[in-house]
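In: quick one, what's the 3D model for this:
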Amino acid sequence: MLKECIRQIEKEMLGENESPDYVTKDLNFMTELPGRPIDIDWNLESFEVLNIFGEIQEEGLEENGTAAKIQAVVTYTENPEKQALYECMVMVYPEKLSDRELLLKKIHDEIQKKDVSS
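Out: A predicted model of the protein is given here:
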């Protein structure tokens with residue numbers, strides 16, 4: 001059963017991304033799978049690219065992509081001694097924004113800076 005759960009985690013973790021080789025949207029670090037008696041604990045090698053919630057940290061990204069190692073410990077809740085480790089590498093890229101989206105992002109960032117300084 002843990003192997004089935006790992007396959008499901010592999011798919012669902014990607015969220016809106018199509019491949020771990022090209023990630024531009026936040027990942028889905030779920031803590032459980034509906035209908036399955038398991039818990040999922042996520043570990044990251046570094047928090048410069050992704051945070052513990054799977055959210056991309058734009059300031060830590062390089063234009064040509066940044067590798068991030070992800071681990072998930074999957075525990076069978078009915079017998080906590082049964083665990084499986086899922087590991088993968090993802091390449092995270094800055095999201096390509098349209099001109100309009102880029103302008104809105106700059107305006108939003110400026111408003112946030114003003115709010116922090118006042």
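In: and stretch 85-92, C-alpha only, in PDB?
Out: Written as PDB, here are the backbone C-alpha positions of stretch 85-92 (Å, rounded to 0.1, in the frame of the first residue of the first chain):
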ATOM      1  CA  LEU A  85      11.000   7.400   2.000                       C
ATOM      2  CA  TYR A  86      10.200   9.300  -1.200                       C
ATOM      3  CA  GLU A  87      13.000  11.400  -2.600                       C
ATOM      4  CA  CYS A  88      13.100  13.500  -5.800                       C
ATOM      5  CA  MET A  89      14.900  16.400  -7.400                       C
ATOM      6  CA  VAL A  90      13.000  19.200  -9.000                       C
ATOM      7  CA  MET A  91      14.200  22.000 -11.200                       C
ATOM      8  CA  VAL A  92      12.500  25.300 -10.200                       C
END
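In: buried residues, it. List them.
Out: Neighbour counts over stretch 85-92 (16 or more other C-beta atoms under 10 Å) mark Tyr86, Val90, Met91, Val92 as buried. Any C-beta I mention is one placed from the backbone N, CA and C, and that applies to glycine too.
In: who does the closest residue to the first one other than its chain neighbours form a beta bridge with?
Out: Read that as Tyr86. Excluding its sequence neighbours, the residue lying closest to Tyr86 (C-beta to C-beta, 6 or more residues apart in numbering) is Ala72, at 4.3 Å. Judged by DSSP bridges, the bridge partners of Ala72 are Trp42, Tyr86.
In: how much space separates Ala72 from Leu27?
Out: Between Ala72 and Leu27 the distance is 11 Å, computed by C-beta to C-beta, to the nearest Å.
In: more neighbours: those two, which one.
Out: Leu27 (24 against 21; other C-beta atoms under 10 Å).
In: so that one: helix, strand or coil?
Out: coil (DSSP: H, G, I helix; E, B strand; the rest coil).
In: mutual contacts of Ala72 and Leu27, please.
Out: Listed as contacting both Ala72 and Leu27 by C-beta atoms under 8 Å, 6 or more residues apart in numbering are Met13.
In: mind checking pLDDT for Leu97?
Out: Looking at Leu97, its pLDDT stands at 67.
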